[in-house]
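Peer 1: Starting from these lines, generate the structure:
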Amino acid sequence: MECTVQNLEYAVNVFYNGEQNERAKAHTWLAEAQKLPEAWNFVWELLQPTKGTEVQFYAATTLHTKILRCWLELPPETHEELKNKILQSVITYANGPKIVTNRLCTSLAAFILQQGTVDLAPILSPLSTVANSSLLLEVLTVLPEEYNSMTMGEVLRKKNRAALHQASPMVIDDMLKIFQSVYNDYSTGPPSDDIMNSWAIAAGCVTSWLSLGSEYSIESPLTLPDRMPIMRALQAAVHILYRTNDVVSGVALEACEACLSAIRIAATHGCSYNQHPTTSAQILDDVSSLVAPVIAAHNVPDSVNEELVCAMITCCVSVAECHVTTLYKSVVASSGIHLMLRVLLDVQAAPGYYPLHETRSNLMFGFWYTLQDEILNHPDPMNNMNPIWKEIFTQVLLALMTKSEMPPESEMTKDDQELLRCYRQDIADAVMYCFTFIGPRCWSIVARSFETAEKDSRREAVLHVLTSMADVVQSAPIPTPLPNMLRRTLHFIAQTHDKRILETALECIGAYANWINAIDQQDEVFRNNGTDGGPLSIQCVRAAGTALSRNPAAAALALRRLSTYCSKAASAMVHDIVQAALNPEGVSDAWVRRQLTSAAGAALAACDYSVALPLLLQIAEHIAADISVQMPEGGCVAADCAAALVNALSTQKPLALEFVRALMPSLAALTRHPVLAESMFQILKNTVTTLGNECIPLMDGISQLIIAGFNTEPTGSGIDLVKLTVVMVDEFEHTQAILSTCVCAALRAFLPDETGAVKTTHADLPDYVFSMLQLLTRKKAIYMDWIEHLIPDLVQYACQCIRQWDPEMSRNAIRWLSILALNRPNAIRHCGADIVYNVLRCIGGLAPRVQVEPFANLLLSFNSAEWGPGQLGVWMRQALNQDGFPTHHATPAHKQKFLSVILKERNHKRRVLVAVTEFSLICRGLENTEYARNSIAAKEMFF
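Peer 2: Alright, predicted model coming up:
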C-alpha cells in the first residue's frame, strides 16, 4: 500500500478500531512508514487540527521517533525550520488533546538534546509568555526524562549533561517562584484548583530535574543544602492541602502526591547526603514533623485518607532509608529522629487487618532491613549498640505478631488472600531482623504474646511468627519457653476446627522438627516438663497423623519433616506411618501422596533392616499394584511415589536396593507409554543417585528400562539419567550400551527426516544432549569413543543450531564445540570455516547482544586448538573479507583490529570477551554510545 496521507489515516483507523489480525497488520505497516524519509513531511499534514486525535497522536509519535532514530537523515541547514515547526505545533495544541501536546513537547525535548544545545533559553523563549507558561512547564518536565531515556553518543551525552546541569539551578528557582503562593493565607478555604494544579505541575518538574542521571550519581550542581528552600516550599504545600481538606482527594490528592514525590527525590537523589549531616538531620526532622500529625489523625482502619497516608509513608520511608546513617548516628540527640521512628513504628502496627482495613503497613518492611544492615555495618555492633535499637526492634516484633493476624476468610477475595500471603512472608523475613538484635529474648516475648492472646486468630498469628524463627537458630541451648509452646501447639492441632489455624500449627511443628528431636535428647526433667504425654516427638508425629483427614497437605508435610528429623519417634511409629502411606484416607492429591510416601521411607530408614524390610516390600507391592491400575488413565502418581521413596531411603542403601529390585518388573510396563516413561526415568535417576556403584547388581534391568524408555520417548530428563548413570556407575558393559543407544535415539528424534519433519515434541532435548556431551568430552573423554560414529551428526546439528540461533539450545551447542575443539579438533575441522562464519554472523547481530560470551569462548578455543598454526585466522579472514559482513557498520579497520586481538590471545578470556563485545556493538551501530561504554566496562570488571 502506497504511503499517502489517506492511506496513513486509514491504517490508523484500522489500528484503533479493526479486528485483531487487521490491527497487527496495520501496526506493522505504520511502523514501517515511520522509517521512511517521507515521514519528515507527512507528519505535518497529519498534525492538522482538522484531523482525528488518533491520527494527530500517530503523527506526533512519528515525529518523536524520527528525531530519536533518524536524526542523521536531516541536513543541518534544516534544523532551524524543524525547530520552528515543532514550536508552532506545540503552541497550536496548547489546549489539547493532552496526549498530542505531551508527545509534541517530548519531540521538542528530543530535538533540543539532539542539537546538544548549551543554552536552553533561546530555543524555549517562544514559550516564555504567560499564555504559554503551562507548555514551558511541560517541556521543562519532559526534557530531563528524555535525557535519561535517550540513546546518544558519549560526547553528545556529556554536552547535554553539562547544559542541563547548568540550567538546573535556574529551573528549580523558577519552580520555587511558583510555590511562593504556598505562603498565602488559606485560613478561609483551600487553594483553588488552578493553584493546586500549578503546584502539581511544578512539583513534577522538580522531580524530573532532580532525577537527572543515575540514582547514585552525586554530580548534581544542587547540593543538599541548596535543595532545602524548594523542599520546605513543597512541605508547606502538602501541609496546606491536608489542613484545608478533611478528605484529600481529586486535584488536592494529585498535588499532594506530586509534592511528596518531589520531596522524596530532592532528599534522596543525585547528591552526597553523607557530606551534609546537619542538613540530613534537618530533613529527617522536617519530614517527620510533616508526616506525624497525619499519621496521628488517620492511622485508623478504613481511613478516608488512605491514599494520602500511603503517599506520605512512601516518602517518609524513602527519606529514612536514604539518610539511615544520620538516623543511626543522631538517634540519641535528635528529637526529630525519635519522632520519625515513632511514626514508622505506628505505621507498622497500623490498626485493622491488612489488606482489608489498611494498605500502609506493608510499606515498612524494606526500612527495617535497611536499618539492621546499617547497624550491623558498624564495628562490633552487638557490643557497641545503643539499647534503643533493641527496644525499637522489640516494638517491631510485637507489631509483626499483631499484624500477622488473619481476617475471617469469608471477608477476603482471592486477590486479598494472595496479598496477605505475600505480606505474611514479608513478616517472616522481618522477624529474622528482630532476632538479630533481640536475641534469645525473642522466645519469651513470643511465649508471653501467645499466653496473653485472647482469641485463637491472634494465637495463630503468634505461631506464624514462631514458625519463622525456626530457621534463625538451629543450635543449642534450646530456649526454655520452646517446649511448652510446642505442646500448646499440639493442643491447637487437636482442638481446632479452623483450617487456617490447623495449617499454621502443623507448619510450626514441621519447622521445629529438628528442635523437637533435640528436646527429646535433653535430660528427663526438661523433656517431660510436667506432662505425661511421653516424648514430644512421639506426640508430634501422632498429632500430624491424626490431622491428615482434616488438612492433608499441611499434615503430610509435617509428618515428612518429623519422620526425617525425629528418627526415634519415626521408628517407634513406623507401622502407623506406613499405614498412612498405604491408606491415605481417600487422599488423591499427588503431592500429599508423595509426602506420605517420603515420610514412610524416612521412618523405614530409621528402623532395623529386619523390621523395615517386610513393611517396605508391602509398600512395593502396593505401588506396583497402583501402577498397573493407574497406567490406563495416563497418569502415574504411584510411580512418583516410588521415586520419592527411593530418595527417602538414601541413608539405608540395602533397603533402597531391595525396594527397586521388587519394583523392577512393574516398571517395564511404564516404558511403553511416553507420558509414564518420564516417571520411570525419575525413579531410576533417584536409584542411581542413592545407590551409586551399589546399583551394579541391578544394572542389567536398569539398562533395559532406560533403553526401552528411550526407544519409546527420548526426553531431556532421560538424558540426565543417562549422564548420571555413565558418570556414577563404574560398569562399562551396560553403561556403554546405554550411552550409545540413547544418544542414537535422541539423534533420530531431533534430526529432521527426508521430509524435514522432526519426530520429538521435546524442544529441549538437544539442549540436554549437548549439556551431557560437554561433561563427557571434558571429563570422560574415553566414553566419547563409544559414540564416535555419532559425532559427525552431532557436530552437524550443532552447526545448524548456530545458523538458526536459539538462545538455550545454541548456547550449549557452542560450548560443546568449544570443548570438542580442544579435545578432538579433527572431529570439527571439516566444518570449521562454516562454524566461524556463523559465529561472526551471530556476533554481528543475529544473536542478542547480551549473549556473546559463548562466542568469545569458542573463538578462544579455536585459537588454541591443535589443527595447525593460523587456521582460525584463515577462516576469520575468509568471512570478514566480504563487503558488508557481518554488517555495513563494521569497517575494514574495525575488522582488522578485532582479528588482531582474537588471534593474539590464547589464554585471556576477558580480553577476547571485551573484543567480541566491542565488535558486536560496532556491528549493531552502537559504537561510542553510553550503552557500549557501560557494556564493555562491565565485561572488563566482572570477567
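
Peer 1: Enumerate every residue touching residue 762.
Peer 2: Neighbouring residues of residue 762 by CB atoms under 8 Å, 6 or more residues apart in numbering: 714-716, 749. Glycine gets a C-beta too; all of them are placed from N, C-alpha and C.

Peer 1: 6 Å instead, please
Peer 2: Residues near residue 762 by CB atoms under 6 Å, 6 or more residues apart in numbering: residue 715.

Peer 1: how deep is residue 411 tucked in, by neighbour count?
Peer 2: Counted with other CB atoms under 10 Å, residues neighbouring residue 411 total 9.

Peer 1: Make 310 the first number, not 1, from now on.
Peer 2: Shifting the count to begin at 310 puts that one at residue 720.

Peer 1: where does the spatially closest residue to it that is not a sequence neighbour land in three-state SS?
Peer 2: In space, and not counting its chain neighbours, residue 720 is closest to residue 665: 6.2 Å by CB to CB, 6 or more residues apart in numbering. Per DSSP: H, G, I helix; E, B strand; the rest coil, the secondary structure class of residue 665 is coil.

Peer 1: low-scoring pLDDT stretches of the stretch 310-459 of the chain, where are they?
Peer 2: Applying pLDDT under 70 to the stretch 310-459 of the chain flags the ranges 427.

Peer 1: Helices of that one, start to end?
Peer 2: In the stretch 310-459 of the chain, the segments counted as helices under DSSP state H, counting those that start in this stretch are 314-326, 329-344, 348-355, 362-378, 388-401, 407-424, 430-433, 442-458.

Peer 1: Let me know the secondary structure of the residue sitting furthest away from the middle of the chain.
Peer 2: What lies farthest from the middle of the chain is residue 497; by CA atoms, centre = their mean that is 50.9 Å. Here residue 497 is recorded as coil under three-state DSSP.

Peer 1: what are the phi and psi angles of it?
Peer 2: Dihedral pair for residue 497: phi -90, psi -10, per degrees, to the nearest 10.

Peer 1: go on, residue 1238?
Peer 2: phi -90, psi 160.

Peer 1: count of neighbours near it?
Peer 2: 18.

Peer 1: got a list of what it touches?
Peer 2: So residue 1238 contacts 460, 462 (CB under 6 Å, 6+ apart).

Peer 1: One more pass at 10 Å, please.
Peer 2: 460-463, 465-466, 1230, 1244 (CB atoms under 10 Å, 6 or more residues apart in numbering).

Peer 1: lowest average confidence, helix or strand, in this structure?
Peer 2: The weakest-scoring helix or strand in the chain, judged by mean pLDDT, DSSP states H and E, is helix 833-837 (a mean of 45).

Peer 1: Just after that helix, pick out the following helix or strand.
Peer 2: As assigned by DSSP states H and E, the chain's next helix or strand after helix 833-837 is helix 845-855.

Peer 1: mean confidence score for that next one?
Peer 2: Averaged over helix 845-855, pLDDT sits at 94.

Peer 1: Give me the pLDDT value at the residue sitting nearest the centre point of the chain.
Peer 2: Nearest to the mean C-alpha position of the chain, by CA atoms, centre = their mean, lies residue 731 at 14.7 Å. Note on residue 731: pLDDT of 95.

Peer 1: How about the one 4 residues further on?
Peer 2: With respect to pLDDT, residue 735 scores 96.

Peer 1: Mind listing what's buried along the helix or strand containing it?
Peer 2: Assigned by DSSP H and E, residue 735 belongs to helix 723-747. Under the neighbour-count criterion of 16 or more other CB atoms under 10 Å, helix 723-747 has 725, 728-729, 732-733, 735-737, 739-740, 742-747 buried.

Peer 1: Same question for stretch 648-655.
Peer 2: 648-653, 655.

Peer 1: for stretch 474-490, same thing?
Peer 2: 474, 476-477, 480-481, 483-485, 487-488, 490.

Peer 1: Export those to JSON lines and append columns for pLDDT.
Peer 2: Conversion of those to JSON lines gives the following (pLDDT from 0 to 100):
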{"residue": "474", "pLDDT": "89"}
{"residue": "476", "pLDDT": "91"}
{"residue": "477", "pLDDT": "92"}
{"residue": "480", "pLDDT": "93"}
{"residue": "481", "pLDDT": "94"}
{"residue": "483", "pLDDT": "93"}
{"residue": "484", "pLDDT": "95"}
{"residue": "485", "pLDDT": "95"}
{"residue": "487", "pLDDT": "93"}
{"residue": "488", "pLDDT": "94"}
{"residue": "490", "pLDDT": "92"}
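
Peer 1: Got phi/psi on residue 462?
Peer 2: The phi and psi values for residue 462, taken as degrees, to the nearest 10, are phi -70, psi 160.

Peer 1: how long is stretch 1015-1033 end to end?
Peer 2: 12 Å (CA to CA, to the nearest Å).

Peer 1: Run the chain-centre distance for stretch 876-896.
Peer 2: From the chain centre to the centre of stretch 876-896 is a distance of 39 Å (CA atoms, centre = their mean, to the nearest Å).

Peer 1: Skipping its backbone neighbours, what lies nearest residue 437 in space?
Peer 2: residue 445 is the one closest to residue 437 (CB to CB, 6+ apart), at 6.1 Å.

Peer 1: Take the buried residues of stretch 474-490 and keep only those in helices.
Peer 2: Members of the buried residues of stretch 474-490 lying in helices (criterion: DSSP state H): 474, 476-477, 480-481, 483-485, 487.
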